[in-house]
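*Asks:* What follows is a predicted structure for the sequence shown.
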Amino acid sequence: MRVLVLANRVGHEIQRPVVQSGDTLEIQKKQFGELLRRKVEERQIQFIGEEASHKWGTTTARTLGVRWENIDMPMEERERRGILEEQQQRNRVPSYLGDQAKTVLLEEGYQRDVGNGWVELELRLPSDVDREQFMFDRVQENIGDADSVLVICGIIHSEQMAERFGGIGARVEVEVWPSF
């Protein structure tokens, strides 16, 4: 099995369908949709598992004519597992790093350069492990006989998802969109 983990570093709102308006977010949404179409074609993707809000309904990936499943853990399940409160308290911690400021995925979380020497660190939480296992399990439950799989998730989950798939013998690649 081949798995492409497409790590979204700009926020999940980019995954919602495009509404034509021309602002920066809408342009990014269109670019993201084009990227997904290209990846599906190039890699002959047969299944897409997407970390997406259960409130949004249709997402960009769902419109591509490929088997699709929302793999994110619903709020009710987070509550049942006792992780809802922690997940809702995910903080973005601002820090001044001066010339050392850069966007990078760290062990502690995702560090985003926000300009003028400042970064914002989105910390990993202990409960992220539960969510990532849930997402991995959802893909496994819904993959069927697909040999080429696309997993779309936030960058904070990308390396851990890749490790899980690698652990079952899949050939895994991680791509970050937009690239650094």
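*Replies:* Yes, it's here.

*Asks:* which residue ranges form the strands in the protein?
*Replies:* Taking DSSP state E as the criterion, the chain carries its strands at 2-8, 47-50, 67-70, 92-96, 104-106, 109-115, 118-123, 148-154, 171-177.

*Asks:* what's the neighbour count on the residue nearest to Arg138 when sequence neighbours are not counted?
*Replies:* Excluding the flanking residues, the one nearest Arg138 by C-beta to C-beta, 6 or more residues apart in numbering is Ile71, at 3.9 Å. In this view, the C-beta of every residue, glycine as well, is placed from N, C-alpha and C. The tally of other residues near Ile71 (other C-beta atoms under 10 Å) stands at 25.

*Asks:* rewinding a little: same list (the strands of the chain) but as CSV, adding mean pLDDT and mean neighbour count.
*Replies:* Shown next, in CSV, are the strands of the chain (pLDDT from 0 to 100; neighbours: other C-beta atoms under 10 Å):
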stretch, mean pLDDT, mean neighbour count
strand 2-8, 93, 22
strand 47-50, 95, 26
strand 67-70, 93, 19
strand 92-96, 83, 12
strand 104-106, 80, 14
strand 109-115, 82, 17
strand 118-123, 84, 17
strand 148-154, 95, 24
strand 171-177, 94, 15
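
*Asks:* Give me the longest helix you can find in the protein.
*Replies:* The helix that spans the most residues within the chain, counting by DSSP state H, is helix 24-43.

*Asks:* ok and that one relative to strand 2-8, angle-wise?
*Replies:* 170 degrees (axes from the mean of the first three to the mean of the last three C-alpha atoms, to 10 degrees).
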